[in-house]
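Enquirer: let me see the structure of the following:
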Amino acid sequence: MKQPCFIGIDLGTSGCRGICIDDVGRLLASASRPLPPSRHPQDGWSEQHPGDWWSATLEVLQELQVRTPNHQAQALSADGTSGTLVLTNRQGQPLGPGLMYDDRRATAEAELLTRLAPDQAVLHSPSSSLAKLLWLHQHEGLVPGALALHQSEWISGQLCDTGGVGDENNCLKLGYDPVQQCWPTWLNELPLPHSLFPGVLAVGMPLGRISPEITAATGLPSQCQVITGTTDSTAAALAAGLEQPGDALTSLGSTLVCKILVDQPLQSAQYGIYSHRIFGRWLAGGASNSGGAVLRQHFSDPEIRELSRNLNPERSLCLEYYPLPGPGERFPINDPGMPPRLHPVPKDKARFLQGILEGIGRIEVLAYRKLESLGAGYPVRVSTSGGGATNAYWEKLRQRLLKRPVRIAAHPQPAYGAASVARRGAYREG
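Expert: As a prediction, this is how the structure comes out:
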């Protein structure tokens, strides 16, 4: 008799990854496919073809099915890049390219939202889904019956022929109010028909069984449920093992992202802080402009590994750096003109590296203190994901600065978090 398993699909910028876990969360198999690079037909534009997402998803599902012959998929869920938007017709067919999370063409539309949207709404950026939708309405026109969906929402609908449904986390950047759990009335002031906006379910809710066509294409069993998904960053937090209030996740990628699990939502448009509702709690946080991008301006990855071996994480230097890749900071300090602070530069490259790592570590402390000032409380423990998570020296240094236990995330891939959503949703459905 085949054992139950659960599948998570993570749609990133450069690829699609799938992970299969068993009934107790053990990793059974993984698969991935690359995606073509985003296209940039004009300055500030960033597009991908939804058909590429779909092809990669099917190939990943096919491979996972082959890799797990003794297991039977009970449910699957998908996450995608936050703010990536695609317009479809009512049959789920894309009406144009997907506008990616980093597409910033909608500057005028963002200014309109700044005037109309509440201060705490995360809609004031050209990269918000709602700003992109307004741009499409203004410049492309909208086909009657068109529907606005996010990347993972569209994939989920294609898998089970239940289109027109979004999830609370993705729809936050389309204007959805997760506290009141509705589309707010101020959206009526925009020149957009109500029919554009999807129905919204909480994360982890059953959408329906996969369609017969998907069963034939992938070999997945017909009883496999599709479960509403989430954004990539929320999936990463679930993969990291955040479970209780006070559990925090720092992502040390190109930017520094700090998130903490709390009982009540936190919002601050001034600092770009917002919250996602997830299984009865809230994941609150923000992103600094500091992070790995600064390190790569001065050091290669091999240099960082080599120089880190001789650093002392228990001893601080007297370099008061605030490392930024260029002017401007948003969180934990909101100052669009803030210059990078990286002087003086020691002759010893190891000391320069240590100064930058310490600087980013101090920004991490400031970030969690800012969240604390808004009601989050200070972290109980901090998990780490991203490329910087594997630097043992940096981990010890950050643990000293934070005065809290620091560990590498339980699972580094957002697809694992999506699989855990599928597992939880399957039992909710059952």
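Enquirer: skipping its backbone neighbours, what lies nearest residue 270 in space?
Expert: residue 334 (5.3 Å; C-beta to C-beta, 6 or more residues apart in numbering). Any C-beta I mention is one placed from the backbone N, CA and C, and that applies to glycine too.
Enquirer: ugh, typo on my part, it should be residue 331
Expert: residue 286 (3.8 Å).
Enquirer: so which bits of the helix or strand containing that neighbour are buried?
Expert: Residue 286 belongs to strand 281-288 when elements are defined using DSSP states H and E. Across strand 281-288, burial judged by 16 or more other C-beta atoms under 10 Å covers 281-288.
Enquirer: helices or strands up against it?
Expert: If contacts are counted by 3 or more C-beta pairs under 8 Å, 6 or more residues apart in numbering; DSSP states H and E, strand 281-288 sits against strand 256-262, strand 274-278, helix 349-373.
Enquirer: now the angle between strand 281-288 and the last one, please.
Expert: The reference is to helix 349-373. Counting by axes from the mean of the first three to the mean of the last three C-alpha atoms, to 10 degrees, helix 349-373 lies at 140 degrees to strand 281-288.
Enquirer: now do the first one
Expert: Angle of strand 256-262 versus strand 281-288, following the same axes, to 10 degrees, is 160 degrees.
Enquirer: so for strand 256-262, mean pLDDT?
Expert: Throughout strand 256-262, pLDDT has a mean value of 96.
Enquirer: wait, residue 328 sits on residue 322?
Expert: No - checked against C-beta atoms under 8 Å, the pair residue 328 and residue 322 is beyond contact range at 11.7 Å.
Enquirer: which strand or helix spans the residue of the chain most remote from its centre?
Expert: Relative to the centre of the chain, the most outlying C-alpha is that of residue 347, 38.5 Å out, by C-alpha atoms, centre = their mean. If you go by DSSP H and E, residue 347 is not part of any helix or strand.
Enquirer: what's near enough to touch residue 273?
Expert: Contact partners of residue 273, counting by C-beta atoms under 8 Å, 6 or more residues apart in numbering, are 266-267, 284-286, 331, 370-371, 374.
Enquirer: min pLDDT across those, which one?
Expert: Lowest pLDDT within the contacts of residue 273 is found at residue 267 (89).
Enquirer: could you say which of the helices and strands packed on strand 281-288 is packed most deeply?
Expert: Between these, strand 256-262 has the highest mean count of neighbours, a mean of 26, where neighbours are mean count of other C-beta atoms under 10 Å.
Enquirer: got the contact list for that one?
Expert: Under the contact criterion C-beta under 8 Å, 6+ apart, strand 256-262 has outside partners 233, 237, 242-251, 275, 281-288, 290-291, 360, 363-364, 367-368, 371, 375-377, 379.
Enquirer: that one: how far from the chain's middle?
Expert: Chain-centre distance of strand 256-262: 12 Å, with C-alpha atoms, centre = their mean, to the nearest Å.
Enquirer: give me the sheet partners of that strand and which way each runs.
Expert: As defined by DSSP bridges, the strand partners of strand 256-262 come to strand 247-252 (antiparallel), strand 281-288 (antiparallel).
Enquirer: tabulate those strands (JSON lines), appending distance to residue 88.
Expert: Listed next are the strands paired with strand 256-262 as JSON lines, based on distance: least, C-beta to C-beta, whole Å:
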{"stretch": "strand 247-252", "distance to residue 88": "31"}
{"stretch": "strand 281-288", "distance to residue 88": "28"}
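Enquirer: average pLDDT across stretch 51-58?
Expert: On average, stretch 51-58 scores 98.
Enquirer: shaky segments in this protein?
Expert: Counting by pLDDT under 70, the chain contains low-confidence residues at 429-430.
Enquirer: give me the domain ranges for it.
Expert: The record, using automatic domain parsing to delimit domains, assigns the chain the ranges 3-234+414-429, 244-408.
Enquirer: count of neighbours near residue 327?
Expert: By other C-beta atoms under 10 Å, 12 other residues sit near residue 327.
Enquirer: same question for residue 280.
Expert: So residue 280, with other C-beta under 10 Å, has 7 neighbours.
Enquirer: quick one on the thing from earlier: in terms of neighbours, single out the busier of residue 328 and residue 322.
Expert: Neighbour count, other C-beta under 10 Å: between residue 328 and residue 322, residue 322 has more, with 19 against 14.
Enquirer: need the helices for the stretch 101-250 of the chain, in chain order.
Expert: With helices called from DSSP state H, counting those that start in this stretch, the stretch 101-250 of the chain shows them at 107-116, 129-139, 151-160, 168-171, 212-218, 232-240.
Enquirer: for those, give me JSON lines that also has mean neighbour count and distance to residue 316.
Expert: Listed next are the helices of the stretch 101-250 of the chain as JSON lines, based on neighbours: other C-beta atoms under 10 Å; distance: least, C-beta to C-beta, whole Å:
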{"stretch": "helix 107-116", "mean neighbour count": "16", "distance to residue 316": "40"}
{"stretch": "helix 129-139", "mean neighbour count": "23", "distance to residue 316": "42"}
{"stretch": "helix 151-160", "mean neighbour count": "27", "distance to residue 316": "42"}
{"stretch": "helix 168-171", "mean neighbour count": "26", "distance to residue 316": "38"}
{"stretch": "helix 212-218", "mean neighbour count": "15", "distance to residue 316": "54"}
{"stretch": "helix 232-240", "mean neighbour count": "27", "distance to residue 316": "27"}
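Enquirer: make a markdown table out of those and add distance to residue 6.
Expert: Converted to a markdown table, these look like this (distance: least, C-beta to C-beta, whole Å):
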| stretch | distance to residue 6 |
| --- | --- |
| helix 107-116 | 37 |
| helix 129-139 | 28 |
| helix 151-160 | 14 |
| helix 168-171 | 19 |
| helix 212-218 | 15 |
| helix 232-240 | 13 |
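Enquirer: so which of these comes closest to residue 188?
Expert: Residue 188 sits nearest to helix 107-116 of all the helices of the stretch 101-250 of the chain, at 10.3 Å, using C-beta to C-beta.
Enquirer: so which elements touch the closest one?
Expert: Judged by 3+ C-beta pairs under 8 Å, 6+ apart, helix 107-116 is in contact with helix 129-139.
Enquirer: packing partners of the helix it packs on?
Expert: Under the contact definition 3+ C-beta pairs under 8 Å, 6+ apart, helix 129-139 sits against strand 85-88, helix 107-116, strand 147-150.
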